[in-house]
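Participant: sequence and predicted structure are below.
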Amino acid sequence: MKELKKKISLSIDGKKITARPGMRILSAALSRGIWIPNLCFIPEADLPFGGCRLCWVEVEGEREPVTACSRPVREGMVVRTRGPLAERLRKSAFELLLSRHHLDCRNCRKNKNCGLQEIARRCRYQLKPGRFTRENPGLPADDSHPDFVFNPNHCILCGKCVWVCQAKSAGILDFSRRGLECRVSTFAGEPLGESKCNGCLKCVDICPVGALFRK
Amino acid sequence: MKRNIAIRIQEAWEHLQNRVQGGEERKDIPEIRLGTATCGRASGALETLAAFREEISRNSLQVRLLEVGCVGHCYAEPIAVVANPGFPPILYGSVTPGVARRLVRDFLGAGDPCLEFALGAVEENEKIPSIFELPRFRMEKKIILEHAGWIDPARGEEYLLRGGYRGLFQALGMDPREVIRAVKAAGIRGLGGAGFPAGEKWETCRAFPGKPKYVVGNGDEGDPGAFMDRALLESDPFSVLEGMTIAGYAVGSRRGFLYVRAEYPLAVERARAAMESLRGLGLLGKDILNSGFDFEIELVRGAGAFVCGESTALQASIEGKRGMPRVRPPHSVERGLWGKPTLLNNLKTLAVAARVLDQGSPWFRSFGTPRSKGTVVFSLAGKIQNTGLIEVPMGTTLRELVFASGGGVPKKKTLKAIQIGGPSGGCLPASLADTPVDFDSLNAAGSIMGSGGMVILDEDDCVVRTARFFLDFTQKESCGKCTPCRIGTYQMLKILNNLVLGKGSDSELKLLEDLAFEVQEGSLCGLGQTAPNPVLSTLRYFRDEYEAHYREGRCPARACRDLIAYYILPEKCSRACEVCVGACPVEAIATGAKGIKVIDQNKCVKCGSCYGDCPPEFQAVIKVSPPAKLREYEAKSSFPRKLTNDDLRLTNENEKK
Ligand SMILES: Cc1cc2nc3c(=O)[nH]c(=O)nc-3n(C[C@H](O)[C@H](O)[C@H](O)COP(=O)(O)O)c2cc1C
Ligand code: FES
């Protein structure tokens, strides 16, 4: 049991830090003030979601990059957040997200407070889909609820609202459909205003982009 | 104490054997075993069954008529084995209701074995050549499918009579750790696709603290073109159930889940019937063979999604949640179903374990290659003479599979490529036909073993279309959770959709390639990680065909509708024949000067009816790619025809490029 309590030391971008055993690279880094791009990470969640694919890092001795949110720390681990392969995969995921994001920052309620904007700023990416052409998913927004709106065209499917609704609230949100059609939805797509939503607005608070916002 | 248990198990086993042998059917009345698995039914086995019944009662014969599964020769379904006392049992193919009636009347009634319908005897004998002399049978080594097609899948007694459950009997007399050692020593690798060593998985699951533990049999089989697990469940569910029970004993679990694809209703029905039968024999449930070991199996019908074959998604689905893969670690053996240590294996892997416990690890190791032991089951489909299921030792070459056992490519066409492993696999060119089929050789060549679907492509198949077909499937079946798989595959698909229209550029091809790498490396689960394989492997071996599509507007296989035109060679046209005119659904073919048929390219919808229907003695209709090439043919021909606007547009477009 004593063994388990021992701290693990590792280095990220040359900075030495310690972490609890069982922690994953991203939690360890964030708790020491080292930022690694992420959109779907929830510190409290039991297991990482691992869907956004932005938190790529390279681990010395390994050929392929790993997602920092899912890889457990190891004693003596040497992590680089900016290796060329990690950067390539991160930028690719970022551009892909933007290729299906209704980019309308000026009219967006999360302008200046948006996860995508933050990543673009800190990673020096352009807020553009790069190699891809942008398509607006063109789905109808749900404004049936008195307190908030859900606009799926801004949604990046990070899953945070689904987690918070299921773990901390009424449990009415989940994913539905497959492939490109995948979306956050109530059961059978019932309008939010007619669902069992209790109006806690935790989903609105946790949404990193402008998909869920207060009226 | 231990010895007491061993004695009790021995007694229970002997008691069971006596009971089964005592109940054995009389050998002096004729017996017909008809394959009525899904493949048989698709060829009319149920009508054949009815014909057998009718004819037997019309002739007032005493005959035992049984429904069995699939022996793997789907091309020859419906298949029946007729055992008439005084003759060796004989296997008949393509048993239509008419043939069935004749077999009853002439063979059972009058002693004429109707050898014109026979594939061969199923036992070596003096009178009738045996099927084991056919090339396909000679190559096969049946370990997993040993009993498939021979036993009644609803009666455990038949499985026992053929040596079934000896594996579990052996295992129960051993320490669970010894059972795991045997699996490890045999070198069994998972047959669900990745080839993970089974013994290691069993060992970790056993060692991990936590109770209860679960065993899951993965029978989701969602790959298009694969039907091995379906055939196994429909023909011999017992091997799988025995393997699961052994696995349960080995890892310390009392509860198993058999996850079966929902689109397999017959497999579900037969697996359920088999479980009932086993319960009646005391081989499932409480205190199996008096050993004190309890094991229950519950059948769960799949959620109808390809991704639910992935182990973590499958488990979420059993728990009643949406089938979405999750990050690893923790692995299922540590934290699986309801957070408990769970052993998940493919159905074939479990069946193999049952055999290994019976026959021993050295026996199993005598088949296969140094790093891939045993056998592998493939479903052969596509441009191949003898479709069906085949089980061969690992290390058999693709050439042997396609030509010796599959009977080669039909219609004298040439083999172009072999797509292995379904949507997650790769496409290997004919020049690599000597590649041995084992986990490592296939990986090195850019494909994977996958779960065992094998689609044969001939010269008329376009690799770009093939890649597009599989990517379209994975794109739609992506669970949508992670970005590269959800959107990356879509962006790849857009490029492929353009290519088959003859659109694209060098830079788009590069983007396709780059993105394929990013999706492969960047996806969360195996679905996305393997989705680009069909594209990458075809690019690796057939890059010139990709380039021909956008650079020349030409489809080398002449399969992409937008890049071909149909043309009637005037010098070959019979003139008097009107078949093509009648075949054309849009009245695009008219009789021109001197009776020669001419296609109006403006009206033609490129359905290919004229191409297919032009009598073989003329073969006057050809496919031309790119369509602008029509001009060359017309210039050469002594029967000139005015160019249409469509030709002109296509030519202009091509010249602009
Ligand atoms: C998208 C996807 C689909 C899969 N489908 C199946 C399947 O239908 N059957 C299967 O046995 N394994 C399937 N697998 C592999 C399983 O995740 C798992 O590796 C396998 O069942 C383990 O069994 P084994 O060790 O006996 O091979 C699939 C994997 C992925 C990523
Ligand atoms: S934060 Fe790691 S994948 Fe989203």
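Facilitator: Cool, the structure landed. Ligands and ions are numbered 1, 2, ... in the order given.
Participant: where does the stretch 451-600 of chain B get nearest to ligand 1, residue-wise?
Facilitator: Residue nearest to ligand 1 within the stretch 451-600 of chain B: B:G526 (2.6 Å; C-beta to the nearest ligand atom). Quick note: C-beta positions are derived from backbone N, CA and C, even for glycine.
Participant: surely that residue meets B:G193?
Facilitator: Yes: here B:G526 reaches B:G193: they are 7.4 Å apart, a contact under C-beta atoms under 8 Å.
Participant: who has more neighbours out of the two?
Facilitator: Applying other C-beta atoms under 10 Å in any protein chain shown to B:G526 and B:G193 shows that B:G193 carries more neighbours, namely 23 against 19.
Participant: can you pull the contacts of that one?
Facilitator: For B:G193, the contact set (C-beta atoms under 8 Å, 6 or more residues apart in numbering or on different chains) comprises B:N346, B:G421, B:S424, B:I448, B:M449, B:G450, B:S451, B:G526.
Participant: now do the last one against chain A, distance only.
Facilitator: Pointing back at B:G526 there. The gap separating B:G526 from chain A is 14 Å, by C-beta to the nearest C-beta, to the nearest Å.
Participant: lowest mean pLDDT among the helices and strands of chain B, which one is it?
Facilitator: Taking mean pLDDT, DSSP states H and E as the measure, chain B has helix B:645-656 as its least confident helix or strand, at a mean of 52.
Participant: walk me through the domains of chain A.
Facilitator: Per automatic domain parsing, the domain ranges recorded for chain A read A:2-89, A:100-214.
Participant: the residue of the stretch 451-600 of chain B closest to ligand 1: what's it in contact with?
Facilitator: B:G193, B:A194, B:E310, B:P325, B:S424.
Participant: pLDDT and secondary structure added to these, as a markdown table?
Facilitator: As requested, the contacts of B:G526 are exported to a markdown table (pLDDT from 0 to 100; DSSP: H, G, I helix; E, B strand; the rest coil):
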| residue | pLDDT | secondary structure |
| --- | --- | --- |
| B:G193 | 87 | coil |
| B:A194 | 87 | coil |
| B:E310 | 97 | coil |
| B:P325 | 98 | coil |
| B:S424 | 92 | helix |
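Participant: which of the residues you listed sits closest to chain A?
Facilitator: Of all these, chain A sits closest to B:P325, with 8.9 Å by C-beta to the nearest C-beta.
Participant: OK, contacts around B:N59?
Facilitator: Counting by C-beta under 8 Å, 6+ apart, B:N59 has contacts B:V104, B:R105, B:L108, B:G109.
Participant: looking at this, the second one is in a helix?
Facilitator: This means B:R105. Yes: looking at B:R105 with DSSP: H, G, I helix; E, B strand; the rest coil, it is inside a helix.
Participant: touching ligand 2 at all, the longest helix belonging to chain A?
Facilitator: Secondary structure of chain A per DSSP state H: the longest helix is helix A:84-99. No: Helix A:84-99 stays clear of ligand 2 (C-beta under 6 Å from any ligand atom), getting no nearer than 8.3 Å.
Participant: packing partners for the helix or strand where A:T18 lies?
Facilitator: Taking DSSP states H and E as the criterion, A:T18 maps to strand A:15-19. When contacts are defined as 3 or more C-beta pairs under 8 Å, 6 or more residues apart in numbering or on different chains; DSSP states H and E, strand A:15-19 sits against strand A:8-12, helix A:25-31.
Participant: adding mean pLDDT, distance to A:L85 and mean neighbour count as columns, could you present these in a markdown table?
Facilitator: What follows is the helices and strands packed on strand A:15-19, written out as a markdown table (pLDDT from 0 to 100; distance: least, C-beta to C-beta, whole Å; neighbours: other C-beta atoms under 10 Å in any protein chain shown):
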| stretch | mean pLDDT | distance to A:L85 | mean neighbour count |
| --- | --- | --- | --- |
| strand A:8-12 | 97 | 17 | 18 |
| helix A:25-31 | 97 | 16 | 21 |
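Participant: mark out where each domain of chain B begins and ends.
Facilitator: Chain B breaks down into these domains under automatic domain parsing: B:31-132, B:156-365, B:375-461, B:464-551, B:564-656.
Participant: could you tell me the least trusted of those?
Facilitator: Mean pLDDT is lowest for domain B:564-656 out of the domains of chain B, coming in at a mean of 85.
Participant: tell me how many other residues crowd A:D46.
Facilitator: 8.
Participant: residues contacting the residue in the stretch 1-150 of chain B that chain A sits nearest to?
Facilitator: Relative to chain A, the nearest point of the stretch 1-150 of chain B is B:T38 (25.2 Å; C-beta to the nearest C-beta). Residues in contact with B:T38, defined by C-beta under 8 Å, 6+ apart, are B:C70, B:F227, B:R230, B:A231, B:E234, B:Y264, B:L266, B:A267.
Participant: could you rerun that using 7 Å?
Facilitator: For B:T38, the contact set (C-beta atoms under 7 Å, 6 or more residues apart in numbering or on different chains) comprises B:R230, B:E234, B:L266.
Participant: doesn't the last one belong to a strand?
Facilitator: The one in question is B:L266. No: under three-state DSSP, B:L266 falls outside any strand and is assigned helix.
Participant: count of residues packed around it?
Facilitator: B:L266 has 16 neighbouring residues, counting by other C-beta under 10 Å.
Participant: would you map the strands across chain A?
Facilitator: Assigned by DSSP state E, chain A shows strands spanning A:8-12, A:15-19, A:56-59, A:66-67, A:78-80, A:148-150, A:174-176, A:183-185, A:212-214.
Participant: can I get those strands in TSV with distance to ligand 2?
Facilitator: What follows is the strands of chain A, written out as TSV (distance: least, C-beta to the nearest ligand atom, whole Å):
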stretch	distance to ligand 2
strand A:8-12	15
strand A:15-19	16
strand A:56-59	8
strand A:66-67	4
strand A:78-80	14
strand A:148-150	21
strand A:174-176	15
strand A:183-185	16
strand A:212-214	18
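Participant: for chain A, what's its nearest residue on chain B.
Facilitator: For chain B, C-beta to the nearest C-beta, closest residue to chain A: B:G480, 2.3 Å.
Participant: who in the stretch 351-500 of chain B is up against ligand 1?
Facilitator: Taking C-beta under 6 Å from any ligand atom as the contact definition, the stretch 351-500 of chain B meets ligand 1 at B:S451.
Participant: now the strands for the stretch 351-500 of chain B?
Facilitator: Secondary structure of the stretch 351-500 of chain B (DSSP state E, counting those that start in this stretch): strands at B:375-382, B:388-393, B:415-420, B:426-429, B:453-458.
Participant: residues contacting B:K142?
Facilitator: B:E391.
Participant: same deal with B:M324?
Facilitator: A:F175, B:A313, B:A316, B:C479, B:K481.
Participant: about what we covered before: what is the longest helix of chain A packed up against?
Facilitator: With contacts defined as 3 or more C-beta pairs under 7 Å, 6 or more residues apart in numbering or on different chains; DSSP states H and E, the packing partners of helix A:84-99 are strand A:56-59, helix B:483, helix B:506-522.
Participant: now do it and helix B:506-522, the angle between them.
Facilitator: Angle of helix A:84-99 versus helix B:506-522, following axes from the mean of the first three to the mean of the last three C-alpha atoms, to 10 degrees, is 110 degrees.
Participant: what mean pLDDT does helix A:84-99 get?
Facilitator: For helix A:84-99, mean pLDDT rounds to 98.
Participant: now what about it, what contacts it?
Facilitator: With C-beta under 7 Å, 6+ apart, helix A:84-99 has contacts from A:37, A:52-54, A:56-58, A:65, A:119, A:125, A:127-135, A:156, B:483-484, B:487-488, B:491, B:518, B:521-522.
Participant: can you report how many residues lie near the closest residue to ligand 1 within chain A?
Facilitator: At 11.8 Å from ligand 1, A:R178 is the closest residue in chain A, using C-beta to the nearest ligand atom. Neighbourhood size, A:R178 [other C-beta under 10 Å]: 18.
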